[in-house]
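> Build me a model:
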Amino acid sequence: MLNERTFLNELFQAALAAADPAICLPKFLPVPPKGRMIVVGAGKAAAAMAAAVEAHYQQPVEGLVITRYGYVRPTKQIEVVEAAHPVPDQAGLDAAQRILHMVEGLSAQDMVLFLASGGGSALMSVPAPGIAFADKQALHKALVLSGANISEINTVRKRLSAVKGGRLAAACGRARIHTLVISDVPGDDPAVVASGPTIRDTNPPERAAEILAKYNIAVPASVRAHLAAREPAQDSEHDFARDTVQVVSRAADALKAAATFARKNGVEPEIWGDALEGEAREVGAAMAGRAQGVAGPRVLLSGGELTVTVKAKGRGGPNTEFLLGLALALKGAANIHALSCDTDGIDGSEDNAGAIVTPDTLARAKAANLNALQYLAGNDAYGFFQGLGDLVVTGPTCTNVNDFRAVLVS
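Alright, predicted model coming up:
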């Protein structure tokens, strides 16, 4: 007989395994150049990607990558620096400036191997000239809480950065750049992941100001002055046409691995999509309706990045808020279980990857005096599932292909 909780947790582990840099990265690594190869990068998978690079090459490699606190993997030659996410800190600023200096003066015989993964935008943050770092930090925080999607957020970040939107590439001079991407964004556009430090920004300069106005985000004075100024032309010898960019892992790969696991265990998978977006609680309610029209045993899989418009001071992230919206809409429907987790191991800014919903979630909540509607109104889905003992805590996974959702009809 199927144990639904065990099945869902093992399904999630199968998805994570498909996104492990040690598995997905090596076949995309380039032939070493005649000159130097500098390895740099940023993101929650950066240390694991660097470790995979070291394991692949027999010759010495050098470089520096920035990852989130707690996401370190052992490396011998490539330095790993830990920094803050989602709001940048001084450690990330200092490391990013070191990367800019590290790639200076390279020749056409040299190569920069850039390792990009989700979280890199906050971890590698150098403000554009004239923008105070404190103002950049405040704007990062406001953007994350605004309900803007990741493409919009990173469009703003590029406009205000000295490293994003191709500016790191410009600093590399004549060296060729090979960018490897573990994608955490719907659509898997490499220019959006980590805000594309090695990919030229094609957004019109005024787009950032439009996004900030759309979400009524207060703009600090130094940022306002930068947005009002004319975008300076990049003065660089770098030839973007020589560069290569490859996505080595994405949400679709994780969902495919989960679907294979499900079939092997007698459950028919159905992939709804790998790029779902929208307000988390609303998507949860919509998925509840679809799940109730499905005959089991079947598991409905989806990926992408949902958003939460934060209006209260509770704890949680898009995965737990999705599940709370789902549970309320299901109203205790029999034979439906669900798991929703972020593949980086962190839902929002908490210590959990996500949570699990069962047919008796609301009944157990009532018995424990947990009012689901009040918790949802307070943006406190974390507190709700913590009270039920239904949080999923994995710790740092050292990868990131965005959210993973599985709704099991048994």
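
> all helices of the stretch 251-400 of the chain, in order?
Residue ranges of the helices in the stretch 251-400 of the chain, as given by DSSP state H, counting those that start in this stretch, are 251-264, 280-291, 318-330, 361-367, 372-377, 381-388.

> need the ones you listed in CSV with mean pLDDT and mean neighbour count, can you?
Just so you know, the C-beta spots here come from the backbone N, C-alpha and C atoms, and that holds for glycine as well. Formatted as CSV, the entries for those read as follows, by pLDDT from 0 to 100; neighbours: other Cβ atoms under 10 Å:
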stretch, mean pLDDT, mean neighbour count
helix 251-264, 98, 20
helix 280-291, 95, 20
helix 318-330, 97, 28
helix 361-367, 97, 16
helix 372-377, 96, 16
helix 381-388, 97, 24
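
> mind putting those helices in a markdown table, distance to residue 312 included?
As requested, the helices of the stretch 251-400 of the chain are exported to a markdown table (distance: least, Cβ to Cβ, whole Å):
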| stretch | distance to residue 312 |
| --- | --- |
| helix 251-264 | 29 |
| helix 280-291 | 13 |
| helix 318-330 | 11 |
| helix 361-367 | 18 |
| helix 372-377 | 7 |
| helix 381-388 | 11 |
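
> Which one of the ones you listed lies nearest to residue 305?
Comparison of the helices of the stretch 251-400 of the chain against residue 305 by Cβ to Cβ identifies helix 318-330 as nearest, at 7.2 Å.

> Tell me which other helices or strands that closest one touches.
helix 280-291, strand 336-342, strand 354-357, helix 361-367, helix 372-377, helix 381-388, strand 403-409 (3 or more Cβ pairs under 8 Å, 6 or more residues apart in numbering; DSSP states H and E).

> what angle sits between it and helix 381-388?
With axes from the mean of the first three to the mean of the last three Cα atoms, to 10 degrees defining the directions, helix 318-330 sits at 70 degrees from helix 381-388.

> sorry, back to before: save the helices and strands packed on helix 318-330 as TSV, and put in distance to residue 214 too.
Compiled in TSV, those are given as follows (distance: least, Cβ to Cβ, whole Å):
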stretch	distance to residue 214
helix 280-291	19
strand 336-342	25
strand 354-357	29
helix 361-367	35
helix 372-377	24
helix 381-388	25
strand 403-409	23
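
> Go through the ones you listed and name the closest to residue 249.
Nearest to residue 249 among those is strand 403-409; the distance by Cβ to Cβ comes to 12.8 Å.

> between the helices and strands packed on helix 318-330, which one is nearest to residue 100?
When the helices and strands packed on helix 318-330 are compared for distance to residue 100 using Cβ to Cβ, the nearest one is strand 336-342, at 29.7 Å.

> Quick one: the strands in the chain, in order.
Counting by DSSP state E, the segments of the chain that form strands are 37-42, 62-68, 78-83, 111-117, 176-182, 244-249, 268-276, 298-304, 336-342, 354-357, 391-392, 403-409.

> Please enumerate residues in contact with the second one?
In other words, strand 62-68. When contacts are taken as Cβ atoms under 8 Å, 6 or more residues apart in numbering, the neighbours of strand 62-68 outside the stretch itself are 36-47, 49-50, 77-85, 92, 95-96, 98-99, 102, 113, 115, 119-120, 123-124, 346, 396, 398.

> now do 7 Å
The list of residues contacting strand 62-68 from outside it, by Cβ atoms under 7 Å, 6 or more residues apart in numbering, reads 38-44, 46-47, 50, 77-83, 85, 92, 95-96, 98-99, 102, 115, 119, 123-124.

> mind listing what residue 115 touches?
39, 41, 46, 49, 50, 65, 180.

> Could you dump the residues you listed into JSON lines and include neighbour count, pLDDT and distance to residue 309?
Shown next, in JSON lines, are the contacts of residue 115 (neighbours: other Cβ atoms under 10 Å; pLDDT from 0 to 100; distance: Cβ to Cβ, whole Å):
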{"residue": "39", "neighbour count": "26", "pLDDT": "98", "distance to residue 309": "38"}
{"residue": "41", "neighbour count": "33", "pLDDT": "98", "distance to residue 309": "31"}
{"residue": "46", "neighbour count": "35", "pLDDT": "98", "distance to residue 309": "29"}
{"residue": "49", "neighbour count": "31", "pLDDT": "98", "distance to residue 309": "32"}
{"residue": "50", "neighbour count": "31", "pLDDT": "98", "distance to residue 309": "35"}
{"residue": "65", "neighbour count": "31", "pLDDT": "98", "distance to residue 309": "33"}
{"residue": "180", "neighbour count": "26", "pLDDT": "98", "distance to residue 309": "33"}
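
> so residue 269 makes contact with residue 301?
Yes - in this structure residue 269 lies within contact range of residue 301 using Cβ atoms under 7 Å: 5.8 Å.

> who's more crowded, the two?
residue 301 (24 against 18; other Cβ atoms under 10 Å).

> what residues are up against residue 344?
44, 118, 119, 397, 399, 400.

> The same query, at a cut-off of 8 Å, please.
Applying Cβ under 8 Å, 6+ apart to residue 344 gives the contacts 44, 45, 118, 119, 184, 353, 396, 397, 399, 400.
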